[in-house]
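Visitor: Fold the following, please.
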Amino acid sequence: MILTVCLSPKIDVNMEVDNLSVGKTNNIINKKTFFTGNAVNIAIGLAHLNARVFATGFMYEDNGAQFERELHKEGVSYEFVWNKGRVSENYKIVDRRSMLTEISEESSSVSAEKQQELLNLVSKFSAESDCVIVSGALPKGMKADFYNQILSVVPQNVVKIVDAEGERLIQALKCGVKLIKPNLEEFERTLKRKITSKQELMNGCCELIDKGAEYVLLSLGRIKMGAVITDGKKTYHCKSINVAKNSTIGAGGGMVAAATYALLKGGSMQDILRCGIAGGTAAVTSPDSISFAKKKYEDILSSLTVKEI
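Guide: Numbers count the residues shown, from 1 in each chain. Next up, the predicted model:
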């Protein structure tokens, strides 16, 4: 079983208007609502690959019930720690001039008692798991070392995968992590410097490996260069393919889901990289889902080539 830990669920509301006019009434042409969050997206991606997956994390009483319905529909089992307050809602408004306006809601806080309740659940379910994936921002007021606390209750023999950045990632690495998956921006923020060359990129990966990562899977989407994977000794690169981009949601989660699936199947570094790229690319082709369709994933996977660099 794969356990995903969602620390920060989100509701993304995407709206399209003809011409956004501030201070006036704007008619919505198209509207889509997604019940998301990195670890939720990862869980659904794994379910699409027929993996046995269980989702836990924080959830909120005012507007969180739909998450359970969505996970049930996707065949994902779950048990959340319920809190007072709301899941944060993020509004993306696109007008036909292709201008994007975003309005984000602050997350609700979580009490110390509820934090301990989640640690207890992770301890319980991780003992029955082959792998634990922790992902996402932290609720308001929580310290970065909560990542360390979560992974500290996971048995040593369970594979640990982390999708996070900054001090949250640094804290997680203290426990030893099999795979981390930052994108380039997250990588730079974690290292607190810009990356301008291949050598600087490799030096940064080695820093994170020295801190406790076994593999660094680094997405280079910002510069449209696919992704790399390294263990500090060997490094592989894979370019993505050009696809129609129908969604901005779920690429990171799709990448982690497919990479995890390959890793747990005993795949090589090259396999993990190819599968990760295929999962992330397939996710952005799905306009009505926060994850990828398996057939699309398989089609993309068959077209990818990995090279050692």
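
Visitor: quick one: secondary structure of residue 29?
Guide: strand (DSSP: H, G, I helix; E, B strand; the rest coil).

Visitor: Any idea how far stretch 271-288 is from the middle of the chain?
Guide: 12 Å (Cα atoms, centre = their mean, to the nearest Å).

Visitor: Stretch 221-231 now?
Guide: The answer for stretch 221-231 is 16 Å, by Cα atoms, centre = their mean.

Visitor: One more: stretch 12-25?
Guide: What separates the centre of stretch 12-25 from the centre of its chain is 28 Å, taken as Cα atoms, centre = their mean.

Visitor: ditto for stretch 247-258
Guide: Computed by Cα atoms, centre = their mean, the separation of stretch 247-258 from the middle of its chain amounts to 6 Å.

Visitor: Next, the buried residues of that stretch.
Guide: By neighbour count with 16 or more other Cβ atoms under 10 Å, stretch 247-258 contains the buried residues 247, 249, 250, 251, 252, 253, 254, 255, 256, 257, 258. (C-beta placed from N, C-alpha, C; glycine too.)

Visitor: so which of those residues comes closest to residue 45?
Guide: Closest approach to residue 45 among these (Cβ to Cβ): residue 257, at 2.9 Å.

Visitor: That closest one in helix, strand or coil?
Guide: Reduced to three states with three-state DSSP, the structure at residue 257 is helix.

Visitor: How about the contacts made by it?
Guide: Residues in contact with residue 257 (Cβ atoms under 8 Å, 6 or more residues apart in numbering) are 41, 42, 43, 44, 45, 46, 48, 49, 279, 291.

Visitor: and what of residue 36?
Guide: The neighbours of residue 36, taking Cβ under 8 Å, 6+ apart as the test, are 9, 10, 11, 12, 249, 250, 290.

Visitor: Could you export these as CSV, including secondary structure and pLDDT?
Guide: Shown next, in CSV, are those (DSSP: H, G, I helix; E, B strand; the rest coil; pLDDT from 0 to 100):
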residue, secondary structure, pLDDT
9, coil, 96
10, strand, 95
11, strand, 95
12, strand, 93
249, coil, 77
250, coil, 82
290, coil, 80
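
Visitor: Can you tell me which of those is closest to residue 119?
Guide: Within the contacts of residue 36, proximity to residue 119 (Cβ to Cβ) peaks at residue 9, which comes in at 17.9 Å.

Visitor: can you count the residues close to the closest one?
Guide: Using other Cβ atoms under 10 Å, residue 9 has 25 neighbouring residues.

Visitor: That one against residue 66, yeah?
Guide: No. The pair residue 9 / residue 66 is not scored as a contact, 10.1 Å apart, by Cβ atoms under 8 Å.

Visitor: what is in contact with those two at once?
Guide: residue 35.

Visitor: list the contacts for residue 38?
Guide: 6, 8, 135, 136, 163, 252, 253, 256.

Visitor: Taking these together, which two end up most distant?
Guide: Maximum pairwise distance in these, criterion Cβ to Cβ, is 15.1 Å, between 8 and 256.
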